[in-house]
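Enquirer: my questions are about this predicted structure, shown below with the sequence.
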Amino acid sequence: MSGIYLDYQSASPVDPRVHDFAERYLTKEFGNPSALHSSGLAAKVALEEARAKVAEFINAESAETIVFTSGVTEANNLAIRGTALRNSSKGKALLASAIEHISVLNPMKDLKKGGFDLALVPVDSTGIIDLVMLESLLSKETILTSIMYANSEIGTIEPIREASEIVHKKGLYLHVDAAAAEGRIPIDVQNDGIDLLTLSSNDLYGPQGAGALYIKPGMRIQPVLFGGGQERGFRSGTENLFAIVGMGEAARLAKMEMEGEGNRLRGIRDELIKKLLQIDEAYLTGHPHKRLSNHASFRFSRIEGESILLTLDAMFNIQVSTGSACSSRTLEPSHVLLAIGLKHEQAHGSMVMTLGKHNDPDQVPLIATAVSNTVQRLRALSPL
Amino acid sequence: MAQIGYSKKVMEHFMNPRNVGVIENPDGYGKVGNPVCGDLMEIFIKVKDAKIDDIKFRTFGCGSAIAVSSMVTEMAKGKTLEEAMKITRKDVADELEGLPPQKMHCSNLGADALHDAIKDYWVKSGKIKADEVKEVEGHEGVSCPTE
């Protein structure tokens, strides 16, 4: 990778230690964990070790609470569809924060077509959920509430423990998508009061193609994929052993290294925010301090995010992301930016930087100069 | 294989846009799009001997919107007004070696802005009346589907 990569939230490199640890499950230890011969048993042992590492990473009650999936989208679909369809006799209402990932919102919208009710908990201008509204929107019918641990577009960390208390006081269940938060802040499903938790491998520097759903003992949930009954029947399909073993090792390393790396990135990130906010009409999006340690997100008036992204890439070899409509398939601006109260024309000027392993403090002045030049260049073209 | 991302030509025009700026006291001015939609462009023309003698643009928008604006000014410069009125959105997209499908509408406003600038000139110079503007061909479709 040449240049400066600032899009770790979209994709991260696999940690070489993870790669070295898991590689043999692609080429040598390739047995099917369901097979009874020695190759199969070796694979099964590796699978269960990975499960134990992931369970330990989130302080789960036992390894059996972890169901491996193909990634975050599948884990979110399993959490939502699996809970909704299993418990529809108890109620048909779903609740989610307005800034959930589309892999939470879209399965819920799909269930809505099938007769479920869906309500969204609003957030304030920094992206923090409205706990009073959360409480008032909950009813006996609310079979599942989804609130993300942190948001990938604006970096805001949600008050999960407070939300959990509100949900549990009413005897209801909480699903938490931790894809953006994991590896950045410590997650403890027991202390945090989480019933279902979505995890991703790649956000921990593990291989893509693996994710997991933590299912609290006693949660009633049905599978989404049916077949051979792998993963205690919750997720049929031969396990992606390489990715899962890699995810386990990535989780083990993240647990050890998260705090130090978080502090390192926070220092770089704070300096980056300070420098970029010196640009005329540059604004931070998301919460000023309740935000992920690696996350810096902005909007710039009078220019458009895709143009910012393309210019930074083509002229300065710097890779960022944007919530602008122009970069999306639907040509709608990000629902997250609209939920925090930005107008369409403001949301179009968004730029998101997420830091990771390969960023260092020396890059900050280069990034700041590049962004400043890019903004100037595009504003010179703009009629606004 | 389907086209991935923008063509080289789009990126070339995006990174080196031609005819950027404003013409003071233009003979014709056209403005299309809406910042709410994410694309807004304006075109200024100077006319001499019924030809586009000078043309400038300013655009707020994505990469393709800027490339389209640049390209349409380059295509129109030196053409007669009648010839310039015949430039279509598709002509501009073709000259750019194609645009991604989802960009064909929202961002491909350059021809519309050019046609508006020419009609503005025709109105100002008395060739057509203001209330006849809509009857003159020009806009090819809705530019902003949202709101």
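Expert: Looks like it came in fine. Predicted model only: the values in this text are computed from it and were never measured.
Enquirer: got the residues of chain B near chain A?
Expert: Contact residues (Cβ under 8 Å from any Cβ of the partner chain) of chain B with chain A: B:6, B:11, B:14-15, B:17, B:20, B:31, B:35-42, B:58-66, B:102-103, B:106-107, B:145-147. Every residue, glycine included, has its C-beta placed from N, CA and C.
Enquirer: pull out the buried residues from the residues you listed.
Expert: B:6, B:11, B:14-15, B:17, B:20, B:31, B:35-42, B:58-66, B:103, B:106-107 (16 or more other Cβ atoms under 10 Å in any protein chain shown).
Enquirer: which of the residues you listed fall in helices?
Expert: B:11, B:14-15, B:63-66 (DSSP state H).
Enquirer: my read: residue B:108 touches residue B:66, true?
Expert: No. Taking contacts as Cβ atoms under 8 Å, residue B:108 lies outside contact range of residue B:66: 11.8 Å.
Enquirer: list the contacts for the residue in chain B that chain A sits nearest to?
Expert: Using Cβ to the nearest Cβ, the closest approach of chain B to chain A is made by residue B:62 at 3.4 Å. Counting by Cβ atoms under 8 Å, 6 or more residues apart in numbering or on different chains, residue B:62 touches A:304, A:306-307, A:324, A:326-327, B:38-39, B:103, B:107.
Enquirer: is chain B within reach of the helix or strand of chain A with the lowest mean pLDDT?
Expert: When the helices and strands of chain A are scored by mean pLDDT, DSSP states H and E, helix A:344-347 comes last with a mean of 90. Yes. Counting by Cβ under 8 Å from any Cβ, chain B is contacted by helix A:344-347 at A:344-345.
Enquirer: what residues does chain A put near chain B?
Expert: Going by Cβ under 8 Å from any Cβ, the residues of chain A near chain B are A:302-304, A:306-307, A:310-311, A:314-315, A:324-327, A:329, A:331-333, A:343-345, A:348, A:380-384.
Enquirer: please repeat the previous calculation with a cut-off of 7 Å.
Expert: By Cβ under 7 Å from any Cβ of the partner chain, the residues of chain A that approach chain B are A:302-304, A:306-307, A:310, A:314-315, A:324-326, A:329, A:331-332, A:344-345, A:348, A:381-384.
Enquirer: among those, which ones are buried?
Expert: A:302-304, A:306-307, A:310, A:314, A:324-326, A:331, A:344-345, A:348, A:381-383.
Enquirer: so of these, which ones are in strands?
Expert: The members of those all map outside strands under DSSP state E.
Enquirer: could you count how many residues lie near residue A:226?
Expert: 11 (other Cβ atoms under 10 Å in any protein chain shown).
Enquirer: list the contacts for the nearest residue to it once chain neighbours are set aside?
Expert: Using Cβ to Cβ, 6 or more residues apart in numbering or on different chains and skipping residues adjacent in sequence, the residue nearest residue A:226 is residue A:236, 5.7 Å away. Residue A:236 makes contacts with A:223, A:225-230, as judged by Cβ atoms under 7 Å, 6 or more residues apart in numbering or on different chains.
Enquirer: any chance of TSV for those residues, columns secondary structure?
Expert: Putting these into TSV (DSSP: H, G, I helix; E, B strand; the rest coil) gives the following:
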residue	secondary structure
A:223	coil
A:225	coil
A:226	coil
A:227	coil
A:228	coil
A:229	coil
A:230	coil
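Enquirer: and the residue nearest the centre of chain B, how far from residue B:116?
Expert: Nearest residue to the geometric centre of chain B (Cα atoms, centre = their mean): residue B:110, 2.0 Å. Going from residue B:110 to residue B:116 by Cβ to Cβ, to the nearest Å gives 11 Å.
Enquirer: now residue A:204
Expert: Taking Cβ to Cβ, one finds residue A:204 at 53 Å from residue B:116.
Enquirer: go on, residue B:11?
Expert: 27 Å.
Enquirer: with residue B:69 instead?
Expert: 13 Å.
Enquirer: the more surrounded of these two?
Expert: residue B:69 (32 against 22).
Enquirer: what packs against the helix or strand in which that one is found?
Expert: Assigned by DSSP states H and E, residue B:69 belongs to helix B:63-76. Helices and strands touching helix B:63-76, as assessed by 3 or more Cβ pairs under 7 Å, 6 or more residues apart in numbering or on different chains; DSSP states H and E, comprise helix A:305-316, helix B:8-15, strand B:39-48, strand B:51-60, helix B:89-95, helix B:110-124.
Enquirer: and the helices in the stretch 51-200 of chain A, which stretches?
Expert: All helices of the stretch 51-200 of chain A, identified by DSSP state H, counting those that start in this stretch, fall at A:72-86, A:102-113, A:131-137, A:160-169, A:189-192.
Enquirer: quick one: closest of the ones you listed to residue A:209.
Expert: helix A:72-86 (10.3 Å; Cβ to Cβ).
Enquirer: now do that closest one: everything it contacts.
Expert: A:69, A:94, A:101, A:103-104, A:107-108, A:111, A:116, A:143-144, A:146, A:173, A:175, A:177, A:179, A:196, A:198-200, A:211-213, A:220-224, A:234-235.
Enquirer: could you flag which of the residues you listed are buried?
Expert: A:69, A:94, A:101, A:103-104, A:107-108, A:111, A:116, A:143-144, A:146, A:173, A:175, A:177, A:179, A:196, A:198-200, A:211-213, A:221, A:223-224, A:234-235.
Enquirer: phi, psi of residue B:109?
Expert: phi -100, psi 0 (degrees, to the nearest 10).
Enquirer: count of residues packed around the nearest residue to residue A:144 once chain neighbours are set aside?
Expert: For residue A:144, ignoring the flanking residues on the chain, the nearest one in space by Cβ to Cβ, 6+ apart is residue A:83 at 4.6 Å. By other Cβ under 10 Å, 23 other residues sit near residue A:83.
Enquirer: report how many residues lie close to the closest residue to the residue nearest to the centre of chain B other than its chain neighbours.
Expert: Nearest non-adjacent residue to residue B:110, counting by Cβ to Cβ, 6+ apart: residue B:72, 3.3 Å away. Neighbour count of residue B:72, defined by other Cβ under 10 Å: 31.
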